[in-house]
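**Student:** predicted structure and sequence below. I'll ask about it afterward.
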Amino acid sequence: MKEKKDPKQLSEQEKLKHILERNAAIKILRKDRHKDKFAHEPLSNRKKIFLMSFAAILMANGTHFFKYPNHFVIGGVEGASILLSNSLPLSPALITLILNVTLLVVAYFILGKKFVIKTGYVSILNSLTALLLSKIIPHTTPFTDNKLLELFCAVLIPAVGSSILFNLAASSGGTDIIAMIINKYTKLNIGKSLLMGDSILTILSIKIFGVEIGILSCLGLLMKGVVVNEFIKSFNTAKLFLIITSKQEEISVFIRDKLNRSATVIDGTGLYYKKDQSVFLCVTNDYEAVLFRKFIKEIDPRCFITVLDTSSIIGKGFYTTDLQ
């Protein structure tokens, strides 16, 4: 067996070789440790722009293929453009673009440059995509005779886009701009302002397009709020762990080194046996929750775990942090 030399007895060349080998081993260890961790970095600006673009294009497709052909007036600028196109020699997509540009100009002077830049990008891209689709793939008749199915698609597809924008603290413009202007000069909140404007447009559709389309539009307006809300919840879901355990060190190491998260640890005492225990409060995403629960049960089968569904977490390592 080869004996290890004392570092003091090593030659300069051997010392240099020893240092290089040690540094290489440290780099490999750090690289493996970094790979093993979960990344909780905020979204980069490039990813935010990509998601905003995807949401705008998705909303435009839902509007072009399902809202416009069926004359579903589910509020918004698209709803107003459908009503106006019935009496003007212009397509709904072109009217939507004109209305959005007009509202952005007004918003620039009232709400400021910062609001217009972020909202304007989504609003113009959405309008231009719908206009481009009307030129490349003209679609004036519904895909099916099932109006309820068409309504479902007209609500669901734009709702996904709206939810993505909401999570990025962005807006598609349109009636959102009107609501924010009303909110600035009156005591009405944004939600009530939007609902009021959308409801007026939807009721007008009954007179112009008939009772069936009007009732379906009213149903679509109600569905839109519910569906968007559910999508937003699904994007922001997280698991809150309340753990009572005697294995404080092992669980702390797993949270810090494996999950790359943190936790609050409280000293507790059992009511019955009066034993000292550690109480962990830790929030994870859904995927991490499965790994975490499995590890806890393996390391401490007698621990007590409560897992709560939660959303809209504000703090380092969570999506909502990006909005701050």
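**Tutor:** Ah, there it is. Numbering: from 1, shown residues only.
**Student:** got any ranges where the protein has weak pLDDT?
**Tutor:** 1-42, 187-193, 312, 315-324 (pLDDT under 70).
**Student:** in it, which spans are helices?
**Tutor:** 12-36, 45-62, 68-70, 76-85, 92-110, 113-136, 147-167, 175-185, 190-209, 211-235, 248-253, 286-299 (DSSP state H).
**Student:** among those helices, which is the most enclosed?
**Tutor:** A comparison of these by mean neighbour count, using mean count of other C-beta atoms under 10 Å, puts helix 76-85 on top with a mean of 25. C-beta: built from backbone N, CA, C; applies to glycine.
**Student:** out of the helices of the chain, flag the one nearest residue 268.
**Tutor:** Comparison of the helices of the chain against residue 268 by C-beta to C-beta identifies helix 248-253 as nearest, at 10.8 Å.
**Student:** helices or strands next to that closest one in the packing?
**Tutor:** Where contact means 3 or more C-beta pairs under 8 Å, 6 or more residues apart in numbering; DSSP states H and E, helix 248-253 is packed against strand 276-284, helix 286-299.
**Student:** what residues does it touch?
**Tutor:** Helix 248-253 is contacted from outside by 243, 245, 263, 265, 278, 280, 295-296, 299-300, using C-beta atoms under 8 Å, 6 or more residues apart in numbering.
**Student:** how about stretch 91-107?
**Tutor:** 63-64, 68, 77-78, 80-82, 84-85, 88, 90, 115-116, 119-120, 123-124, 126-128, 130-131, 133-134, 173-174, 177-178, 180-181.
**Student:** quick revisit: okay if I get the helices of the chain as JSON lines plus distance to residue 313?
**Tutor:** Below are these laid out as JSON lines (distance: least, C-beta to C-beta, whole Å):
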{"stretch": "helix 12-36", "distance to residue 313": "23"}
{"stretch": "helix 45-62", "distance to residue 313": "19"}
{"stretch": "helix 68-70", "distance to residue 313": "38"}
{"stretch": "helix 76-85", "distance to residue 313": "30"}
{"stretch": "helix 92-110", "distance to residue 313": "31"}
{"stretch": "helix 113-136", "distance to residue 313": "23"}
{"stretch": "helix 147-167", "distance to residue 313": "12"}
{"stretch": "helix 175-185", "distance to residue 313": "25"}
{"stretch": "helix 190-209", "distance to residue 313": "22"}
{"stretch": "helix 211-235", "distance to residue 313": "12"}
{"stretch": "helix 248-253", "distance to residue 313": "20"}
{"stretch": "helix 286-299", "distance to residue 313": "12"}
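**Student:** before we move on, back to that, ok, and the most crowded of the contacts of helix 248-253?
**Tutor:** Most neighbours among the contacts of helix 248-253, by other C-beta atoms under 10 Å: residue 243, with 25 neighbours.
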